[in-house]
Structures are given as structure tokens and as C-alpha cells.
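J.: Here's my sequence, what's the structure:
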Amino acid sequence: MGVSGRADFCSQLVKYGMFISNLIIFIGGAIVFVIGLITIVDRNFLSELLGTNLFSGAVYVLVITSALVCLLAFFGCFGAVKEIKCMLLTYFILLFLIFVTMLIGGILGYVFREKVELTMKQEMYSSTNLYGVRRQITTAWDTTQTRLKCCGVETFRDWKGKLPLSCCQEIDRDGIQRKPCQDHPTLQNTYNNGCYEVGFQFIRDRANVIGASGIIVAILMIFGMVFSCMFFNMIE
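T.: The predicted structure follows:
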């Protein structure tokens, strides 16, 4: 194989490497997009009790950028197939900008874990006074206590005698029938876990997933940038 043949072989190798890396990036971006949407929908019932919008911001950043990543992956594949230098350069610049944004979103997801620990308990205690007064707070507490099977911030005694029905243990799976607990709450008829510990673990687990997903895709994007630079230099 001559010099020209080796150059063509290397060019094709880089070309297919770029195509495969973009395919992986597209899959990773799609996964982050789906996880982000699920997280946005799934955490709505806790949003009024968190005391910070940092998590929401991180998730929305990752959802938007992951959608852009999927589109850009198609753009990169097309540029590799057509071997257009201008398109490859544009692809690299856009990918780098999205890489930085995605990485920031992933890091914010991790930073949120520390922030929420400081604000969530205080916000929960203050919101118990607004139960039955503000509809959003009432709905948030009822949904949280029903879904996470918890009561109060740390114990049912946090409600100070005005125990919500959602604190009562369910008798059937549909949650239609509950044990009578509002007048005489005990450990046998109310949920025993406090909503702060259960809710914090619930949010932290999802912050870990969304943060790790964003960082992993950001790392995959590095390979896309490397292959695009190599292929750009090989095209005459």
C-alpha cells in the first residue's frame, strides 16, 4: 500500500469513526432528553417544597441542549458523508458550545444536591403553615405524602394537630380508602417516615442520574470534536 493508499485508508477510518461517534452521541443525547423530560414531570409534585429553582434550571438546560445534540449529531453525520469542510467546522464550533452548556448543566445537577439539603427542610416547615391556604402548597403536600408514603417534615407531629388525610396509611392500593388517623394519629395508622428524608433521597437520586447523564454525553462529545478536527485536516 502506497502513501496515497494509506492516506485514503486513514481518511476513511476517521470518517467512519466520526460517523459512529455521532451515532453514539445521538443515542446519548436522546437518553438525556428522555430522562430530563421524565424528571421534569416526575418532580412537579415536590417543586413547591424544594425552596430552590437550581434543580429545575439544570434539568431544563440539559433537556434543551440534549435536543440540540441530537440534531447536531445528524448534522455531523451528513458533514462526514459529504466531506464538506465548512460544515465540519460549523459542526465543531456548535458542538463545543453545546459541550460547555451540557457540562455546566451536569455540574449544576450535582451542585443542587448540596443546595437542596440547606433549603428543603426550612421550606417544608414554613409551607406546613400554608397547607389549606394556598392550593399549590396543599396539592404538593398531599401528592408528596401519598406518593412517597410519608407524613410531615420529620414526623406526623409536625402538623400540630391539623393532620392531612394524605398522612393516613392506605388500606387499598388505589388509595381510595385510608385508615382513620386525623383525630388520633399513631404509628399504626399514619405514615411513619418524614417527608424530608424520603423526599431528599428521591430528589438526590434523580439529580445523580441527570447529572451523570449530562457529564457522560459531554465526554462523548469530545470524541466527536476530535474526529471532526482530524477529518477536517484530511480533506483537501
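J.: and after the lowest-mean-pLDDT helix or strand in the chain, which helix or strand comes next?
T.: Sorting the helices and strands of the chain by mean pLDDT, DSSP states H and E puts helix 47-50 at the bottom, at a mean of 71. Downstream of helix 47-50, the next assigned helix or strand under DSSP states H and E is helix 54-82.
J.: helices or strands up against that next one?
T.: Applying 3 or more Cβ pairs under 8 Å, 6 or more residues apart in numbering; DSSP states H and E, we find helix 54-82 packed against helix 3-42, helix 85-128, helix 195-234. (Each C-beta comes from the backbone N, C-alpha and C, glycine too.)
J.: how about 10 Å then?
T.: With contacts taken as 3 or more Cβ pairs under 10 Å, 6 or more residues apart in numbering; DSSP states H and E, helix 54-82 sits against helix 3-42, helix 47-50, helix 85-128, helix 195-234.
J.: mind exporting the least confident helix or strand of the chain as PDB, just the C-alpha atoms?
T.: Written as PDB, here are the backbone C-alpha positions of helix 47-50 (Å, rounded to 0.1, in the frame of the first residue of the first chain):
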ATOM      1  CA  SER A  47     -41.400  21.600  43.300                       C
ATOM      2  CA  GLU A  48     -43.300  23.800  45.900                       C
ATOM      3  CA  LEU A  49     -41.400  22.200  48.800                       C
ATOM      4  CA  LEU A  50     -37.800  22.500  47.500                       C
END
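J.: and it, what does it pack onto?
T.: Against helix 47-50 (3+ Cβ pairs under 10 Å, 6+ apart) you get helix 54-82, helix 85-128, helix 135-148, helix 195-234.
J.: Let's have these in JSON lines, adding mean pLDDT, distance to residue 160 and mean neighbour count.
T.: As requested, the helices and strands packed on helix 47-50 are exported to JSON lines (pLDDT from 0 to 100; distance: least, Cβ to Cβ, whole Å; neighbours: other Cβ atoms under 10 Å):
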{"stretch": "helix 54-82", "mean pLDDT": "76", "distance to residue 160": "29", "mean neighbour count": "20"}
{"stretch": "helix 85-128", "mean pLDDT": "76", "distance to residue 160": "8", "mean neighbour count": "18"}
{"stretch": "helix 135-148", "mean pLDDT": "88", "distance to residue 160": "14", "mean neighbour count": "18"}
{"stretch": "helix 195-234", "mean pLDDT": "79", "distance to residue 160": "15", "mean neighbour count": "20"}
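J.: Select, out of these, the one closest to residue 159.
T.: If you check each of the helices and strands packed on helix 47-50 against residue 159 by Cβ to Cβ, helix 85-128 wins as the nearest, at 6.5 Å.
J.: Just the angle for that closest one relative to helix 195-234, thanks.
T.: With axes from the mean of the first three to the mean of the last three Cα atoms, to 10 degrees applied, the angle from helix 85-128 to helix 195-234 works out at 170 degrees.
J.: In terms of secondary structure, what does helix 85-128 contact?
T.: helix 3-42, helix 47-50, helix 54-82, helix 135-148, helix 195-234.
J.: 6 Å instead?
T.: helix 47-50, helix 54-82, helix 195-234 (3 or more Cβ pairs under 6 Å, 6 or more residues apart in numbering; DSSP states H and E).
J.: so how far is stretch 219-235 off the chain centroid?
T.: When distances are taken as Cα atoms, centre = their mean, to the nearest Å, stretch 219-235 is centred 27 Å away from the chain's centroid.
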